[in-house]
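Engineer: Based on what follows, work out the 3D shape:
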Amino acid sequence: MIFFFFRRFCLYKKEKNTSIRFLIFNFSMMNIDETDKKILQLLQVDAHLTLKDIANQVNLSLTPVHDRLKRLEKEGVIEKYVALLNKKKLGNQLTVYCQVTLIKQTIDLSEAFNEAIFNLPEVIECNFVSGSSDYILKVVLPDMESYHNFHQKKLSILPQVALINSFFIITEVKNTTVLPIY
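Structural biologist: Numbering: from 1, shown residues only. This is a model prediction of the structure:
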């Protein structure tokens with residue numbers, strides 16, 4: 001029997017001569033009303049808004065807005081507040097997507113790869129995916145020479161890696177952190 005873990009929510013189980021079964025854990029969704037959605041939309045656009053600014057825009061007083069924000073934070077809907085930086089003004093002119101295929105699709109190799117990726121600051125996003133590769137990485141670097149060094153000295157030397165396909169971004173058409181809220 002082989003087990004694969006995908007995120008924290010799904011367990012893939014494959015037994016000899018059977019198909020893959022998906023066991024999806026049932027997490028209850030918290031109740032988010034239209035006012036909560038408006039608050040979340042406002043914060044996604046500008047997390048620097050004051051309680052007063054938010055209250056004015058959603059037609060509530062300060063206390064209910066504060067209570068809603070604390071509930072959304074406590075429930076994990078709002079994970080954290082961050083500053084988004086301009087990568088080009090910081091000298092990071094190159095964005096590369098790398099499809100990475102591991103030498104073997106075992107949980108031990110995946111966990112070792114995941115751990116190694118956490119120690120590579122150039123990788124700003126890493127996703128375990130289905131399809132012809134195992135992972136897709138989003139890598140941000142100053143230039144092509146930096147990517148060549150990253151590829152040769154950091155990524156391709158990981159013992160779990162069998163194949164890397166790189167896609168270089170020519171023009172960024174859309175880049176947002178605003179999630180749709182339904």
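Engineer: From now on I want contacts and neighbour counts done on CA atoms only, so please keep to that.
Structural biologist: OK.
Engineer: Wait, residue 65 touches residue 57, no?
Structural biologist: No: contact criterion C-alpha atoms under 8 Å: residue 65 and residue 57 do not qualify, at 10.6 Å.
Engineer: Which one's more surrounded, the two?
Structural biologist: Taking neighbours as other C-alpha atoms under 10 Å, residue 65 and residue 57 compare with residue 65 leading, 21 against 12.
Engineer: What residues sit buried inside stretch 69-79?
Structural biologist: Using 16 or more other C-alpha atoms under 10 Å as the test for burial, stretch 69-79 gives 69, 72.
Engineer: wait, I meant stretch 119-128
Structural biologist: Buried, per 16+ other C-alpha under 10 Å, within stretch 119-128: 122-123, 126.
Engineer: Any stretches of the protein with poor pLDDT?
Structural biologist: Residue ranges of the chain with pLDDT under 70: 1-30.
Engineer: what sits opposite the spatially most central residue of it in the beta ladder?
Structural biologist: The centroid of the chain falls nearest to residue 125 when counting by C-alpha atoms, centre = their mean (5.6 Å). When assigned by DSSP bridges, residue 125 has beta-bridge partners residue 138.
Engineer: how about it, what does it touch?
Structural biologist: 137-139 (C-alpha atoms under 8 Å, 6 or more residues apart in numbering).
Engineer: Same question for residue 58.
Structural biologist: 35, 38-39.
Engineer: Run a quick neighbour tally on residue 140.
Structural biologist: Residue 140 - counted by other C-alpha under 10 Å - has 22 other residues nearby.
Engineer: cool, and residue 177?
Structural biologist: Quick note: residue 177 (other C-alpha under 10 Å) scores 8 neighbours.
Engineer: Please tell me how far it sits from residue 43.
Structural biologist: 11 Å (C-alpha to C-alpha, to the nearest Å).
Engineer: can you check residue 170 too?
Structural biologist: Note on residue 170: its distance to residue 43, by C-alpha to C-alpha, is 30 Å.
Engineer: In terms of neighbours, single out the busier of the two.
Structural biologist: Neighbours per residue, other C-alpha under 10 Å: of residue 170 and residue 43, the larger number sits with residue 43, 17 against 9.
Engineer: Identify the residue nearest that one in space, chain neighbours excluded?
Structural biologist: residue 49 (7.0 Å; C-alpha to C-alpha, 6 or more residues apart in numbering).
Engineer: Now stretch 48-68: buried residues?
Structural biologist: Buried-residue list, stretch 48-68, by 16+ other C-alpha under 10 Å: 51, 54-55, 58, 65.
Engineer: just those residues now: which is nearest residue 76?
Structural biologist: Taking C-alpha to C-alpha as the measure, residue 76 lies nearest residue 65 of the buried residues of stretch 48-68, at 16.5 Å.
Engineer: No further questions, thank you.
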